[in-house]
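*Asks:* below: sequence and its predicted model.
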Amino acid sequence: MTTSGDTNKKDAANTENSGENRRVNAHLRVVFENACRITAPFFDPDQIWGEVPWTLYARQTLCESYPDLTQQDIALLLSALQRFHRK
């Protein structure tokens, strides 16, 4: 008898061996590099207004630059950008 944990491990191993890309949201990967460039000033630690970061403006810039993205896509992209710019 196999458990769901065993099945998940086998599926993960099969995916790694087959070379299949498990990542989703490929459309966000396409815009990520440009999004990094256009939002970089908003994540600059020296750019603070009243000790409040400008991430709200980064979100607005993303919405204006990529009007075809859903709000969920914008949230995912913004989260990835925040992690990227923290490093």
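*Replies:* Yep, that arrived.
*Asks:* could you use CA atoms for every contact and neighbour count after this?
*Replies:* Fine.
*Asks:* residues touching Arg23, list them.
*Replies:* Not one residue lies near Arg23 by C-alpha atoms under 8 Å, 6 or more residues apart in numbering.
*Asks:* that one sits in which helix or strand?
*Replies:* Using DSSP states H and E, no element contains Arg23; it sits outside every helix and strand.
*Asks:* who's in contact with the helix or strand harbouring Val31?
*Replies:* Secondary structure assignment for Val31, by DSSP H and E: helix 26-39. With contact meaning C-alpha under 8 Å, 6+ apart, helix 26-39 is reached by 58, 61-62, 73, 77, 81.
*Asks:* please redo it, this time with the cut-off set to 6 Å
*Replies:* Applying C-alpha atoms under 6 Å, 6 or more residues apart in numbering, the external contacts of helix 26-39 come out as Ala58.
*Asks:* residues of it that come out buried?
*Replies:* Neighbour counts over helix 26-39 (16 or more other C-alpha atoms under 10 Å) mark 28, 32, 35-36, 39 as buried.
*Asks:* any idea which of the residues you listed is closest to Trp54?
*Replies:* Using C-alpha to C-alpha, Thr39 comes nearest to Trp54 of those, at 9.7 Å.
*Asks:* what stretches of this protein score poorly on pLDDT?
*Replies:* Applying pLDDT under 70 to the chain flags the ranges 1-22, 48, 51-53, 87.
*Asks:* do a quick rundown of the strands in it.
*Replies:* Secondary structure of the chain, counting by DSSP state E: no strands present.
*Asks:* that older thread, the buried residues of helix 26-39 into TSV, with extra columns for distance to Tyr66?
*Replies:* Converted to TSV, the buried residues of helix 26-39 look like this (distance: C-alpha to C-alpha, whole Å):
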residue	distance to Tyr66
Leu28	10
Phe32	11
Ala35	9
Cys36	13
Thr39	13
